[in-house]
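Participant: what's the 3D shape of this:
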Amino acid sequence: QVQLVESGGGLVQAGGSLRLSCAASGRTFSMYAIGWFRQAPGKEREFVAVINWKVGTRIYGDSVKGRFTISRDNAKNTVYLQMNSLKSEDTAVYYCAAGRTATMTPGEYNYWGQGTQVTVSA
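Facilitator: Alright, predicted model coming up:
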């Protein structure tokens, strides 16, 4: 079992930055990949980024490449999503999720956090 708690969301102006955190717990946590997804009202859940916990391999969605960075702190069991050059279209609820492999498919993740709202004003 893996438990995930997101934090760090909020309201920011376009062009600004935010850093989201995903605190994880659970005995088998180190076996998982941790991904970030987002969902805006009326839209499907969208892949943002994923990191393989052991190897550190990173994959990014096309819409965030060059602006967002995913990283991990092993000592704190926490994964971060640094979001720079934010745009109004980045407005969404952001979720972190744990899965066995680093994939872009939401259905392949076994555990999800409760989500944190990010709002980017134009």
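Participant: What lies in contact with stretch 8-27?
Facilitator: Contact partners of stretch 8-27, identified using C-beta atoms under 8 Å, 6 or more residues apart in numbering, comprise 1-7, 32, 34, 36, 76-88, 94, 96, 98, 113, 116-122. C-beta coordinates here come from the backbone N, C-alpha and C atoms, glycine included.
Participant: Dead centre of this structure: give me the residue that sits there.
Facilitator: With distances taken as C-alpha atoms, centre = their mean, the residue of the chain nearest its centroid is Trp36 (2.4 Å).
Participant: how about the nearest residue to that one, chain neighbours excluded?
Facilitator: Excluding the flanking residues, the one nearest Trp36 by C-beta to C-beta, 6 or more residues apart in numbering is Val48, at 4.1 Å.
Participant: residues near the one you found, how many?
Facilitator: By other C-beta atoms under 10 Å, the residues close to Val48 number 25.
Participant: can you tell me how far it sits from Gln1?
Facilitator: Distance check for Val48 against Gln1: by C-beta to C-beta, to the nearest Å, it reads 24 Å.
Participant: cool, Gly107 as well?
Facilitator: In this view, Gly107 and Gln1 are 19 Å apart by C-beta to C-beta.
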